[in-house]
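# model the following, please.
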Amino acid sequence: MNKFLKKGFIQVFTGISLCFIGPVLVSQAFNNQDHPLFIVVLIIGVILLVLAIYFGYRGISNILNGTLGPKNKLN
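Next up is the predicted model:
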């Protein structure tokens, strides 16, 4: 298997798992607004949501590079 494909699939699966973990943490934070760790859990959840988008984008990009070849440079 091409190294771009392998790396891409791992990143996509990481992004998908973060897509489930992030919203759960955010919803639990909003359910427990009176808890002292509300802000910490909310920040961690938002960071995981941003990482899910990043890993999904990088994974799809690596899968495309593995199947179609790397981008052609103009220089």
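
# once you drop chain neighbours, what's closest to Gly56?
Distance criterion CB to CB, 6 or more residues apart in numbering; nearest residue to Gly56, sequence neighbours excluded, is Gly15 at 3.7 Å. Every C-beta, even on glycine, is put in place using the N, C-alpha and C of the backbone.

# how near is that neighbour to Phe9?
11 Å (CB to CB, to the nearest Å).

# just Leu25 next, same as before
Counting by CB to CB, the gap from Leu25 to Phe9 is 25 Å.

# need the contact list for the spatially most central residue of the chain.
If you average the C-alpha coordinates of the chain and look for the closest C-alpha using CA atoms, centre = their mean, you land on Ala52, 1.8 Å from that point. Listed by CB atoms under 8 Å, 6 or more residues apart in numbering, the contact set of Ala52 reads Gly15, Ile16, Leu18, Cys19, Gly22.

# cutoff 7 Å now
Neighbouring residues of Ala52 by CB atoms under 7 Å, 6 or more residues apart in numbering: Gly15, Leu18, Cys19, Gly22.

# within the helices and strands, which one has the closest residue to it other than its chain neighbours?
Spatially, and ignoring its direct neighbours in sequence, Ala52 is nearest to Leu18 (3.6 Å; CB to CB, 6+ apart). For Leu18, the host element (DSSP states H and E) is helix 3-31.
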